[in-house]
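*Asks:* Please find the sequence and the predicted model below.
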Amino acid sequence: MDLKTPVLADPTPINKSRLSIHSSLLPYSPQSPRAIYAPGLYLSIPRKKSAILDDVRVASWLDAMKSSSPPSKKRAFDSCPEQEASDVDVAYRTWMLNYPSALTSFDQITQFAKGKKVALFLDYDGTLSPIVDNPEFAFMSEDMRSAVKDVAKYFPTAIISGRSRDKVYEFVGLTELYYAGSHGMDIMSPVKASAVNGHPNCVKGSAFNGHPNCIKLTDKQGKEAVLFQPASEFLPMIDEVLTSLIENTKDIKGATVENNKFCVSVHYRNVDEKDWKTVGQRVDDVLKEYPRLRLSHGRKVLEVRPVIDWNKGKAVEFLLDSLGLSDTDDVLPIYVGDDRTDEDAFKVLREGNKGFGILVSSVPKESHAFYSLKDPSEVMKFLQALVTWKVEFTLD
């Protein structure tokens, strides 16, 4: 497997219709994984575009900003009469026919999991913590932290987030997890002294060993961890863009720019919708000078990332390989996430028939996931149920 050369990523947002209905009911039969990386290198081709094309591009991103940022269920209820609110509930229940609850379908999931090693991958914002107006205050509850800690005792567990790895670790604070920040462009293994490295489901794999983008770290106590950063050469460029975006958006009320190390997030959650186009235009203007960076979008956020073939799906494949779980048929990866960027991971699991994606959403939306959960409280119940099932299954 060639781990040396990330390739050009397709910057076009995913826009595929729902795959076959009830496909989650098909027998689970993992296939041999494809090579994670293809040969090739970064593509950097600056092109001159007319003002008309610029307007078209910005209009397209404005549409994308709106489509990826639907009003919350609460907002929908506040703005519509009781009958319309009831219609929203009906639409959601209908949607769940295609994306059944992972809680009500728990027996089905665990039936597939019998005799398999379960690997768990979790997004952070909107999955382990609620979505809040200020991203700096997206704290997870102590009950959720306890649930994540407990599940990591039985299954190798990773947090994969668009935030910087340091920020996610600060929020979660558990040393026994793998952390993948910046959409998987900054991955750290647990320290050797942690429980995960001695976990019966973990085998020392090849991905972290000897890779040119891997760095061994030793803390003050002499404990070792491994850091993997496939886009390290982009750091100076990202820092430049961060400075420019802060300067170019400072006069837009409510706009905030977050440094996520290997990507920059421009949040417009608190920006008046009439100013969203201005946000998109300012970000686009900055990126014209950086053809090796691309723009993607999540829930009320525009994200600037390096143009390499790396995302949360690639991070899942890399982590499975690092755990020694990528070349075996007795593995069931489960990925839980709420954002558009999590679709890359859902797609990897679905297309390879490897495992299950679980979308966290209280409103209907198209997804590559198999199952759904409404909110972080249901995610916590699902994690607790996994622990209970594992304990009971072990006792049996």
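*Replies:* Perfect, I can see it now. Residues are numbered from 1 along each chain as shown.

*Asks:* so residue 269 touches residue 126, yeah?
*Replies:* No. In this structure, residue 269 is not within contact of residue 126 by CB atoms under 8 Å, at 11.8 Å. Backbone N, C-alpha and C define where each C-beta goes, glycine included.

*Asks:* Quick check on these two: which one has the bigger neighbour count.
*Replies:* Neighbour totals were compared for residue 269 and residue 126, and residue 126 leads with 21 against 16 (other CB atoms under 10 Å).

*Asks:* Roughly how far does the nearest residue to the more buried one once chain neighbours are set aside sit from residue 290?
*Replies:* Closest residue to residue 126 apart from its sequence neighbours, by CB to CB, 6 or more residues apart in numbering: residue 338 at 3.7 Å. Distance of residue 338 to residue 290, computed by CB to CB, to the nearest Å: 29 Å.

*Asks:* Looking at the two, which is more packed in?
*Replies:* It is residue 338, of residue 338 and residue 290, that has more neighbours when counted by other CB under 10 Å, with 28 against 19.

*Asks:* wait, what's in contact with that one?
*Replies:* 123, 125, 126, 127, 299, 359, 360, 361 (CB atoms under 8 Å, 6 or more residues apart in numbering).

*Asks:* and the residue lying closest to the second one once chain neighbours are set aside, what is it in contact with?
*Replies:* Of all residues not flanking residue 125 in the chain, residue 138 sits nearest, at 5.4 Å (CB to CB, 6+ apart). With contacts taken as CB under 8 Å, 6+ apart, residue 138 has the following neighbours: 124, 125, 129, 130, 131, 132, 171.

*Asks:* Which one of those residues is nearest to residue 232?
*Replies:* Residue 232 lies nearest to residue 124 out of the contacts of residue 138, by CB to CB, at 22.4 Å.

*Asks:* roughly how far apart are the residue nearest to that closest one when sequence neighbours are not counted and residue 322?
*Replies:* Nearest residue to residue 124 in three dimensions, chain neighbours excluded: residue 161, at 4.2 Å (CB to CB, 6+ apart). Separation of residue 161 from residue 322 (CB to CB) stands at 18 Å.

*Asks:* Output the longest helix belonging to the protein.
*Replies:* Longest helix of the chain, by residue count under DSSP state H: helix 376-395.

*Asks:* which residues are in contact with that helix?
*Replies:* Under CB under 8 Å, 6+ apart, the answer for helix 376-395 is 101-103, 106, 110, 113-114, 118, 120, 122, 126-130, 140-141, 143-144, 147-148, 150-151, 153-155, 336, 358, 360, 373.

*Asks:* Just the buried residues of the residues you listed.
*Replies:* 102-103, 106, 110, 113, 118, 120, 122, 126-130, 140, 144, 147-148, 150-151, 154-155, 336, 358, 360, 373 (16 or more other CB atoms under 10 Å).

*Asks:* Which members of those residues are positioned in helices?
*Replies:* Per DSSP H, the subset of the buried ones among the contacts of helix 376-395 in helices is 106, 110, 113, 144, 147, 148, 150, 151, 154.

*Asks:* mind putting the residues you listed in CSV, pLDDT and distance to residue 261 included?
*Replies:* Below are these laid out as CSV (pLDDT from 0 to 100; distance: CB to CB, whole Å):
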residue, pLDDT, distance to residue 261
106, 97, 36
110, 96, 37
113, 94, 34
144, 98, 24
147, 98, 27
148, 98, 22
150, 97, 29
151, 97, 26
154, 95, 31
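
*Asks:* Residue 309: which of those residues is nearest?
*Replies:* Of those, the one sitting nearest to residue 309 (CB to CB) turns out to be residue 148, at 29.4 Å.

*Asks:* Please tell me how far the closest one sits from residue 250.
*Replies:* For residue 148 relative to residue 250 (CB to CB), the value is 36 Å.

*Asks:* Same check on residue 102?
*Replies:* From residue 102 over to residue 250 (counting by CB to CB), the distance is 42 Å.

*Asks:* so where's this protein shaky on pLDDT?
*Replies:* 1-61, 66-85, 191-213, 217-224, 395-396 (pLDDT under 70).

*Asks:* For it, just list every one of the helices.
*Replies:* 51-67, 73-78, 82-95, 106-113, 142-154, 165-172, 235-249, 276-287, 312-322, 343-351, 376-395.

*Asks:* Mind checking those for the one nearest to residue 331?
*Replies:* Nearest of the helices of the chain (CB to CB): helix 312-322, 7.1 Å.

*Asks:* Give me the helices and strands touching the closest one, please.
*Replies:* Other elements packing on helix 312-322 under the criterion 3 or more CB pairs under 8 Å, 6 or more residues apart in numbering; DSSP states H and E are strand 117-122, strand 157-160, strand 178-181, strand 186-188, strand 331-337, helix 343-351.
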